[in-house]
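1. Test case, fold it:
(one chain, ligands or ions: 1)
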Amino acid sequence: MPDTISFARGAPSLDIVDIEGLKAAAAAAFDADPGGTTGYGTSVGYLPLRTWIAAQHGVAPEHVLVTNGSMQADAFLFDHLVSDGDPVVVEKPTYDRTLLGLKGRGADIHMVELEGDGIDTAALRSLCESGTVPKLAHIIPNFQNPAGYTLSLEKRRELLVLAEEFGFLIFEDDPYIAIRFAGEELPTMLELDEGKGNVVYASSFSKTVCPGARVGYLVGAPDLIKAIQGIATNTYIAPNMFAQSIVYRFCVDGGLDRSIATVKAALAERVQLLTAALDRELAEATYQAPEGGYFMWVTLPEGTDVAALFTAAAERGVAFVKGTDFLLEGGENSLRLAYSGVTADQIDEGVSRLADAYRSLSPVTA
Ligand SMILES: Cc1ncc(COP(=O)(O)O)c(C=O)c1O
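-> Numbering: from 1, shown residues only. Now for the predicted structure:
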């Protein structure tokens, strides 16, 4: 059995992690601020990093809480806002861990169709008008996980209008924003909201620096951040100061910009190779090529059994995540391919194995 080629993990391959830069940032962090790097710190995070993030978003530091990865930020936010039976809107499909987190808290989850230019805002309006106003709408605006689609400027504005009109909070979950390798940059909904408090924003250094750092953050209204800070204090006193101090040095010493350039160049090449290989080897597959991020959503003909494809693919040494994992129902003929964790030289072989697995299934009769 050949080594598995994994299109499953939403993580960078080791060749695009700046190990030497991180080692230098770690040494600089201990030299520049030994006390801050080794102490408990505070529950809002390493203060210089908090201030740096606030400046990036044009807000005061009181709007920012730095956490152990943005997953922790999501969990705190859900703990604070979502109780059993609360209606919550997510995109259809959406990030599997968001679904799990909301299910675990007993939320009444409403999945609203994700289109090529983002969530179907007309369907969200109909849902609100029918009397189901969510407490929270979870939106992944850039290079969505799992679909790779990006929310258009028009729909960003429409979502803000809906949030204001019906009184729900938009949770803008945006870890991929910096990984744009094609097309035009768009403003965040946090920015477009101009401080009205309709948006709470999360992002992360996992996709730009490395996931092992576990550094992410929330930006929101100071009263919301203060309330969540209370949960953070009771959970862990303070997040990991080692990691945050190193990430801070990496940011201010130019490592972050270099790292983003490396990741973008690699992923642009990988997506180009991936789409070319699919067109050549698996012409039945349809997709919308992403302009950034880590993922591409692939749809196979109606009637394809993605669970059977998953098994056949594993037997041939290729992995992906089944579309069904990102939905409450449906998705049997779709899959998520992550091109972040494969190197360019693995892509052709990986797609050949996938195509071979697909051809091994009983023909689709739909
Ligand atoms: C949409 C989305 N939100 C949050 C996360 C979690 O990121 P972190 O590593 O910062 O916890 C991910 C990771 O894949 C993600 O895709």
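2. make it CA atoms for all contacts and neighbour counts henceforth
-> OK.
3. Extract the CA atoms of stretch 101-115 and return them as CSV.
-> In CSV, the C-alpha atoms belonging to stretch 101-115 read as follows (Å, rounded to 0.1, in the frame of the first residue of the first chain):
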residue,chain,number,x,y,z
GLY,A,101,-19.8,22.8,18.9
LEU,A,102,-23.4,24.1,18.3
LYS,A,103,-24.9,20.6,18.4
GLY,A,104,-23.1,20.0,21.7
ARG,A,105,-24.8,23.1,23.2
GLY,A,106,-28.2,22.0,22.1
ALA,A,107,-28.6,24.9,19.5
ASP,A,108,-31.5,24.8,17.1
ILE,A,109,-29.4,24.8,14.0
HIS,A,110,-30.7,26.3,10.7
MET,A,111,-28.5,25.7,7.7
VAL,A,112,-28.9,28.3,5.0
GLU,A,113,-27.7,27.4,1.5
LEU,A,114,-24.2,28.6,0.6
GLU,A,115,-24.0,29.9,-3.0
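4. List the buried residues in it.
-> Gly101, Leu102, Arg105, Ala107, Asp108, Ile109, His110, Met111, Val112, Glu113, Leu114, Glu115 (16 or more other C-alpha atoms under 10 Å).
5. Could you check it against the ligand for contacts?
-> No - taking C-alpha under 6 Å from any ligand atom as the criterion, stretch 101-115 and the ligand are apart, separated by no less than 11.1 Å.
6. what mean pLDDT does that stretch have?
-> For stretch 101-115, mean pLDDT rounds to 97.
7. Then stretch 13-22?
-> When pLDDT is averaged over stretch 13-22, the result is 97.
8. neighbours of Tyr236, just the number please.
-> Using other C-alpha atoms under 10 Å, Tyr236 has 12 other residues around it.
9. how about the residues of the protein near the ligand?
-> By the rule C-alpha under 6 Å from any ligand atom, the part of the chain lying against the ligand is 10, 69-71, 95, 140, 145, 173, 175, 204, 206, 211, 216.
10. out of the residues you listed, which are inside strands?
-> Among the residues of the chain next to the ligand, the ones falling in strands (DSSP state E) are Asp173, Ser204, Gly216.
11. what about the helices in the stretch 251-366 of the chain?
-> Taking DSSP state H, counting those that start in this stretch as the criterion, the stretch 251-366 of the chain contains helices spanning 255-281, 306-315, 344-360.
12. want to try TSV for the buried residues of stretch 101-115, with distance to Thr324 and secondary structure as columns?
-> Shown next, in TSV, are those (distance: C-alpha to C-alpha, whole Å; DSSP: H, G, I helix; E, B strand; the rest coil):
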residue	distance to Thr324	secondary structure
Gly101	17	helix
Leu102	17	helix
Arg105	21	coil
Ala107	19	coil
Asp108	19	strand
Ile109	16	strand
His110	16	strand
Met111	13	strand
Val112	15	strand
Glu113	14	strand
Leu114	15	strand
Glu115	17	strand
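13. Can you name the two of these that sit furthest apart?
-> Farthest pair in the buried residues of stretch 101-115 (C-alpha to C-alpha) is Arg105 and Glu115. Separation: 27.0 Å.
14. Skipping its backbone neighbours, what lies nearest Leu14 in space?
-> In space, and not counting its chain neighbours, Leu14 is closest to Gly341: 7.9 Å by C-alpha to C-alpha, 6 or more residues apart in numbering.
15. what does Leu153 give?
-> Distances taken as C-alpha to C-alpha, 6+ apart put Leu186 closest to Leu153, at 6.6 Å, once the chain neighbours are dropped.
16. Where do the domain boundaries of the chain fall?
-> The chain resolves into domains spanning 5-16+257-360, 19-255 when parsed by automatic domain parsing.
17. Which of the residues of the chain next to the ligand sits closest to Ala277?
-> Gly10 (20.0 Å).
18. The ligand versus the residue nearest to Leu153, what's the distance?
-> As judged by C-alpha to the nearest ligand atom, to the nearest Å, Leu186 and the ligand stand 17 Å apart.
19. Assumed that residue was part of a strand.
-> No - counting by DSSP: H, G, I helix; E, B strand; the rest coil, Leu186 falls outside a strand, being coil.
20. In this model Glu154 seems to touch it, though I could be wrong.
-> No - counting by C-alpha atoms under 8 Å, Glu154 is not a contact partner of Leu186; they are 10.4 Å apart.
21. sorry, back to before: now render the helices of the stretch 251-366 of the chain as JSON lines, adding mean pLDDT, distance to Ala232 and mean neighbour count.
-> Converted to JSON lines, the helices of the stretch 251-366 of the chain look like this (pLDDT from 0 to 100; distance: least, C-alpha to C-alpha, whole Å; neighbours: other C-alpha atoms under 10 Å):
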{"stretch": "helix 255-281", "mean pLDDT": "98", "distance to Ala232": "26", "mean neighbour count": "19"}
{"stretch": "helix 306-315", "mean pLDDT": "98", "distance to Ala232": "39", "mean neighbour count": "19"}
{"stretch": "helix 344-360", "mean pLDDT": "97", "distance to Ala232": "40", "mean neighbour count": "19"}
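22. Reformat these as CSV; add distance to Asp18.
-> Formatted as CSV, the helices of the stretch 251-366 of the chain follow (distance: least, C-alpha to C-alpha, whole Å):
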stretch, distance to Asp18
helix 255-281, 6
helix 306-315, 31
helix 344-360, 18
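23. The residue nearest to Leu153 - how many residues pack around it?
-> By other C-alpha under 10 Å, the residues close to Leu186 number 14.
24. same check, this time on the one 3 residues further on
-> The local packing count at Met189 equals 22, with neighbours defined by other C-alpha under 10 Å.
25. could we number from 25 for the rest of this?
-> Right, with 25 as the first residue, what we last looked at is Met213.
26. contacting residues around it?
-> By C-alpha atoms under 8 Å, 6 or more residues apart in numbering, the contact list for Met213 reads Arg180, Arg181, Leu184, Glu196, Val223.
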